[in-house]
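Undergrad: have a look at this fold, sequence not included:
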């Protein structure tokens, strides 16, 4: 550990001790002890004085040492159903990548494009977004950039703006597409997990898509428009992508069947009442996490995924989610979440629904700019839910706002893995990413607030 990290760790530790001592007589002992855990977790996740996963493991350890919760209770969230949901999603994504089905789909679509460059870019964005609904946005960005850069190398791009549009559109649409499903972005799954653990409210896979898909579609169009305005290009038409797409082999066909079957199971666990009444069936009743477990077992038994692939699952993310859920349980159990929510209420100057929704969206995005989006969601989700419980604002809506807002950072390379990959290509300068990202961050927050206020109340 270098000097800067030691200093950051010492500062975070000192801040937690000062907070504990200064709140004597204001907070109960349990609340003050939980405050230490919160400050340590938030500070270490933000400064990365220690690895993010180390902080996640430290959270239940601190709870046990300080007596906030028993070690067993603090560890329970590390295998919460939402962790199983994401693990199943990760293994399904590994199977798709292992059998090159993601590449197959991308080439099938892109090899048929012969249109105006604007619509080619939009089609590439739509393909990237669709892939990001089911596999990690990191993987979809890397794949689509590899293909897209082959196209940009074949055009005469005198201004260099077309390359910028292509690179940023893929990265940004990967982020936007992931908002559509519970397995697309970890913050969405965390929102669902916190709602179930803290409120007993279950968001189905299809139910989340009603929240996430509209904002994904709107953001993709906004990204497309903003990039072409900021980076005007003289490229008018795209060359054809000369690639021979081979037919699927037996394993690829089986993987595709598993993928389609998985989607059907996820989308039909509990059908909306109008649809259920029309078809005379309310759904199979298996939760998204149970479906994910079935998928995981079948993939392993059928050898579409083997034991050597297991380490490729994003275990760091799963541990981060476990740490976040454990932190949320501690804040809820001690009652500290209510105290923090009351403090946020005083900042709003009242209890206006639109003000509270706006506050939650802006704070969620703000935290994610300086910390990882998964850690940001872990810190802020229990507070936002507590804020909803303390007011007339539906806590389900506030949790969804946090799940989405913490994954809306388009501004910096460190904001999301797709941003980092785009920046690493060397096609985009930091200032150019910030210029486009600031506009899209603002647009994303405004759209989230508008949907949360006008549309989402109709869904819960």
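TA: Received it, and whenever you're ready, just let me know what you need. Bear in mind the structure is a predicted one, so any value in this text is a computation, not a measurement.
Undergrad: in stretch 41-57, which residues are buried?
TA: 41-47, 49-50, 52-53, 55-57 (16 or more other CB atoms under 10 Å). Heads up, the C-betas are built off the backbone N, CA and C, glycines and all.
Undergrad: oh sorry, the question was meant for stretch 339-354
TA: Applying 16+ other CB under 10 Å to stretch 339-354 flags 339-341, 344-345 as buried.
Undergrad: likewise for stretch 178-188?
TA: 178-188.
Undergrad: which two in those are spaced the farthest apart?
TA: Farthest-apart pair in these is 180 and 186; separation 13.7 Å (CB to CB).
Undergrad: can you list the buried residues of stretch 339-354 in a markdown table and add distance to residue 261?
TA: Converted to a markdown table, the buried residues of stretch 339-354 look like this (distance: CB to CB, whole Å):
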| residue | distance to residue 261 |
| --- | --- |
| 339 | 47 |
| 340 | 43 |
| 341 | 42 |
| 344 | 44 |
| 345 | 46 |
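Undergrad: which residues of the stretch 251-400 of the chain fall in strands?
TA: Counting by DSSP state E, counting those that start in this stretch, one finds no strands in the stretch 251-400 of the chain.
Undergrad: now the helices for it?
TA: Using DSSP state H, counting those that start in this stretch, the helices of the stretch 251-400 of the chain run over 273-279, 288-301, 315-334, 336-348, 353-370, 373-390, 395-405.
Undergrad: ok now the shortest one, how far from the chain's centre?
TA: So the one you mean is helix 273-279. 30 Å (CA atoms, centre = their mean, to the nearest Å).
Undergrad: mean confidence for it?
TA: Mean pLDDT, helix 273-279: 85.
Undergrad: picking up where we left off before, reformat the helices of the stretch 251-400 of the chain as TSV; add distance to residue 457.
TA: What follows is the helices of the stretch 251-400 of the chain, written out as TSV (distance: least, CB to CB, whole Å):
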stretch	distance to residue 457
helix 273-279	17
helix 288-301	23
helix 315-334	24
helix 336-348	19
helix 353-370	9
helix 373-390	12
helix 395-405	7
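Undergrad: of the ones you listed, which approaches residue 85 most closely?
TA: Between the helices of the stretch 251-400 of the chain, helix 288-301 lies closest to residue 85; by CB to CB that is 4.5 Å.
Undergrad: quick one: contacts of that closest one?
TA: Identification of contacts with helix 288-301 by CB atoms under 8 Å, 6 or more residues apart in numbering yields 81-82, 84-89, 91-92, 95, 182-183, 204-205, 258, 262, 265-266, 269, 286, 304-307.
Undergrad: show me what counts as buried in that helix.
TA: 288-293, 295-296, 298-300.
Undergrad: please apply the same query to stretch 424-443.
TA: Buried residues in stretch 424-443 (16+ other CB under 10 Å): 425, 427-428, 432-433, 436-437, 439-441, 443.
Undergrad: give me the number of residues near residue 421?
TA: The tally of other residues near residue 421 (other CB atoms under 10 Å) stands at 20.
Undergrad: with residue 270 instead?
TA: 19.
Undergrad: ok, residue 266 touching residue 208?
TA: No: counting by CB atoms under 8 Å, residue 208 is not a contact partner of residue 266; they are 9.9 Å apart.
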